[in-house]
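J.: with the sequence up front, the predicted model follows.
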There are 4 protein chains.
Amino acid sequence: MKATDSVRLKTAKPFPRGRKPKAHRREQILAAAFEEFAANGYAATRLEDVAKRAGIAKGTIYLYFQDKERLFRAVVRSLIQKRLDAFAGTFHGPAPALFREMLSRMYTRVVRNERARGIVRLLVAESGKFPQLSDIYHQEIIGPGLKAVRQVLKRGIASGEFRKSKALEFPQILVAPGVLAIVWTLISGGRHRLDLDAYMKAHLDFVLGSLQKKRI
Amino acid sequence: MKATDSVRLKTAKPFPRGRKPKAHRREQILAAAFEEFAANGYAATRLEDVAKRAGIAKGTIYLYFQDKERLFRAVVRSLIQKRLDAFAGTFHGPAPALFREMLSRMYTRVVRNERARGIVRLLVAESGKFPQLSDIYHQEIIGPGLKAVRQVLKRGIASGEFRKSKALEFPQILVAPGVLAIVWTLISGGRHRLDLDAYMKAHLDFVLGSLQKKRI
Amino acid sequence: MKATDSVRLKTAKPFPRGRKPKAHRREQILAAAFEEFAANGYAATRLEDVAKRAGIAKGTIYLYFQDKERLFRAVVRSLIQKRLDAFAGTFHGPAPALFREMLSRMYTRVVRNERARGIVRLLVAESGKFPQLSDIYHQEIIGPGLKAVRQVLKRGIASGEFRKSKALEFPQILVAPGVLAIVWTLISGGRHRLDLDAYMKAHLDFVLGSLQKKRI
Amino acid sequence: MKATDSVRLKTAKPFPRGRKPKAHRREQILAAAFEEFAANGYAATRLEDVAKRAGIAKGTIYLYFQDKERLFRAVVRSLIQKRLDAFAGTFHGPAPALFREMLSRMYTRVVRNERARGIVRLLVAESGKFPQLSDIYHQEIIGPGLKAVRQVLKRGIASGEFRKSKALEFPQILVAPGVLAIVWTLISGGRHRLDLDAYMKAHLDFVLGSLQKKRI
DNA sequence: CATGAATGAGTGTTCATTCAT
DNA sequence: GATGAATGAACACTCATTCAT
């Protein structure tokens, strides 16, 4: 069972009319809306489809959100609730292993995560119309993420495991193959699928190959 | 003899007509359409705006394209007319220099090129609705591009300048920072701008750092 | 000598494409327009199709007719140019034979004539929007036609060949089967075709059976 | 617009929303659509006018019908719900009286019935674009109707009241004056009105005059 | 609270009409 | 005269939003 998108579970509540508790209804709508927005983009998403997916009536959405745009903003906000855990600080071990662990998490949580890819699609597709979208993500996700990468890098340099690298200035470079994999997956739609296991290995190999001091 | 409801005729008012050469009109529309589609996405683009941008009337579009979707497809097709020039084959020099040149072109032609970024935005945003979109790009651009990268890599390995690398299997990894830069630029909209000169240097530095055999 | 080509005096005919004389062009358009109007009705007829059928450009129509409605009216007017020849007055023979001849002409010229059926279709379809359409036809065709029928009937009664009949008041009744045949043909579109020869015979038989005094 | 029959809908009430029982709404639209289609033909009918006549908003139509064409087809189908009752089988009396009764019904139900005349107008005007239209009517109305006429004729012949007639083969001929009256009424639009009472008498008189064996 | 029928502004598309060539 | 590209009003159809139930 995937934790990623629990929305598809058509929870078989035996309630004939018994509605879910109100707090849940809002989440229900947000989840459905996210899937629709991520799949079709803002403009092409019809609230009717969101309602259908959420298993409610069209008008019900308006009991929880003023209009389509507010719903979209709420979706965006709802997506960043799960913060990155302070990573580097809690891990004690060799920097390469740390980096490996970090990448592994990135692939599991982001690259392989349909929900996360949907967010990236929305970011790319809708940041023109909704600039705050990217602002939020820069502040909440991208910034902290890159900071964590840089910390690992720093630690590796400090410990002598890594050589100095311009990547300190642009930690994006270290994770870029992951981003490419996301974009690739988004675009290909399954027709030119990457072997993500091998790809991640190559990614790690390549990055460590550049960071680590070479044998004699 | 009078018709009962001849009322519907609201004679159009005069406006300069047929001033542009006909052959140019189609390109004009394609260019305007590309800008609108790239900026707003397929669904959110109004043909009226395309027409306005092209400096023509809404109906004129339909003289050149059957409908909105065909216009979109035509735009997509028009974007790939400039083929990648056969690159590696014509260049004779050290592999690192070749790679540097290749990257430099990628940044100039793609990353720094608003048109190219627009294409990427369209690919990400619309490949759900228009799968052929990505198929075309895989075949025409991405495939040949990666092939070129792999050739350079191969040549470097053959000449002993590069060590063997898993990147041979996934040449994407070598250019991934460029892709990230594109996505970054698309998302940021100018608010978190990358210093592309420094970034490209870091990219090159990093990649060569991984590919090249190290001095003692 | 034809009146048409005696007028050429000034114009040295520099026509590169050698167009037909102008008078013909108008007829050409009218003919094409009639076919389209009769087939599709006024509203559903596109001037582009009329032009195509006439083998000319769309704009050319406007050199001969102010607008679609005037074209339609001109078509209507053009259709009644061939007057009914004064029929009963010129024929001298037994009334039944006269009636037979009259019906025969009706079937040949009207019922079997696609053009005439097209006119009927237009009358039925467009007389709501163009009331004058039927006025013209009442005056030019239907009225004279019925008058002729009544004359034959009168003559037959006067000569003792026919008995007195209420059909004198409503001569329509005598030709009604012909009208039905027209409507039937218009509606059926070839799928429930009437055997018009047999049908006309039955029509004549029936009408004469009612008009003629019976044997003992 | 036709002032003739818009009278039926007196729903001038500007009620905001959802006031009518849902089941009724569909009939309401069908009725309004029929009147518009019958008056203007398919192409010239605007759905906005249908909506206005039905006292609803344009979009509401689309809650009940997929598009204009489906609405049209539904209208056509709705028009044939009232079948001809099995006529001849239930009537026991002299054939002439039976025929008189039959004609009387025809005039009351069809010739004098604006709705029925509207159907005929649609048949004539739209059977080119909608061939099924006439197929349906042939099967449901015209065929059974003619069969009934033929039955009466047969019975009269069997009882010796009628003489043998070619009309057995073409029962259309017996009712043709009724069809002519419909077409006449459709075309005239009230300007050359037939005296239908007298006309029907003449029709009956004429037909019986042909069918019945004559005195001595 | 929830519903979903109803609304009507908005957009894609057509086509009568114009006019530079 | 003849052309047909260009125009823009008009109309079919969609969908965010409302509100009586």
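T.: Thanks, I have the structure now.

J.: show me what contacts A:Val50?
T.: By Cβ atoms under 8 Å, 6 or more residues apart in numbering or on different chains, A:Val50 lies in contact with A:29, A:32-33, A:36, A:61, A:71. To be clear about C-beta, it is placed using only N, CA and C from the backbone, and glycine gets the same treatment.

J.: rerun at 6 Å
T.: Counting by Cβ atoms under 6 Å, 6 or more residues apart in numbering or on different chains, A:Val50 makes contact with A:32-33, A:36.

J.: out of those, who's the most crowded?
T.: Ranked by the number of neighbours (other Cβ atoms under 10 Å in any protein chain shown), the contacts of A:Val50 place A:Ala33 first, at 26 neighbours.

J.: are the helix or strand of chain A with the lowest mean pLDDT and chain B in contact anywhere?
T.: Within chain A, judged by mean pLDDT, DSSP states H and E, the helix or strand with the poorest mean is helix A:131-137; its value is a mean of 89. Yes: applying Cβ under 6 Å from any Cβ of the partner chain, one finds helix A:131-137 touching chain B at A:131, A:134.

J.: mind listing what's buried in that helix?
T.: In terms of neighbour count (16 or more other Cβ atoms under 10 Å in any protein chain shown), helix A:131-137 has its buried residues at A:133-137.

J.: and which of the residues you listed is nearest B:Arg163?
T.: Lowest distance from B:Arg163 to the buried residues of helix A:131-137 (Cβ to Cβ) belongs to A:Tyr137, with 36.9 Å.

J.: low-scoring stretches of chain A, by residue?
T.: Scanning chain A for pLDDT under 70 picks out A:1-22, A:81-91, A:214-216.

J.: how about the helices in it?
T.: A:22-40, A:47-54, A:58-64, A:68-78, A:95-106, A:114-126, A:131-137, A:143-158, A:172-188, A:196-211 (DSSP state H).

J.: how far away is A:Ile157 from A:Val175?
T.: Distance from A:Ile157 to A:Val175, counting by Cβ to Cβ, to the nearest Å: 17 Å.

J.: so these two - more neighbours on which side?
T.: Ranked by neighbour count (other Cβ under 10 Å), A:Ile157 and A:Val175 place A:Val175 first, with 23 against 16.

J.: quick revisit: can you list the contacts of A:Val50 in a markdown table and add distance to chain D?
T.: Formatted as a markdown table, these follow (distance: Cβ to the nearest Cβ, whole Å):
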| residue | distance to chain D |
| --- | --- |
| A:Ala32 | 23 |
| A:Ala33 | 24 |
| A:Glu36 | 22 |
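
J.: OK, contacts around A:Ala95?
T.: A:Ala95 sits next to A:155-156, A:159, A:161 when contact means Cβ under 6 Å, 6+ apart.

J.: over to A:Met200?
T.: Counting by Cβ under 6 Å, 6+ apart, A:Met200 has contacts A:Tyr107.

J.: what does chain A put close to chain B?
T.: Taking Cβ under 6 Å from any Cβ as the contact definition, chain A meets chain B at A:39, A:41, A:43-44, A:121, A:123-125, A:127-128, A:131, A:134, A:138, A:166-167, A:170, A:172-173, A:176-177, A:179-180, A:186-187, A:189, A:192, A:199, A:202-203, A:205-206, A:209-210, A:214, A:216.

J.: write the PyMOL selection for whichever of those are buried.
T.: Command for PyMOL, covering only those of the residues of chain A next to chain B found buried under the criterion 16+ other Cβ under 10 Å:
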select buried, chain A and resi 39+41+43+44+121+123+124+125+127+128+134+138+166+167+170+172+173+176+177+179+180+186+187+199+202+203+205+206+209+210
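
J.: C:Phe99: which of the contacts of A:Ala95 is nearest?
T.: Proximity of those to C:Phe99 (Cβ to Cβ) peaks at A:Gly156, which lies at 114.4 Å.

J.: done for today, thanks.
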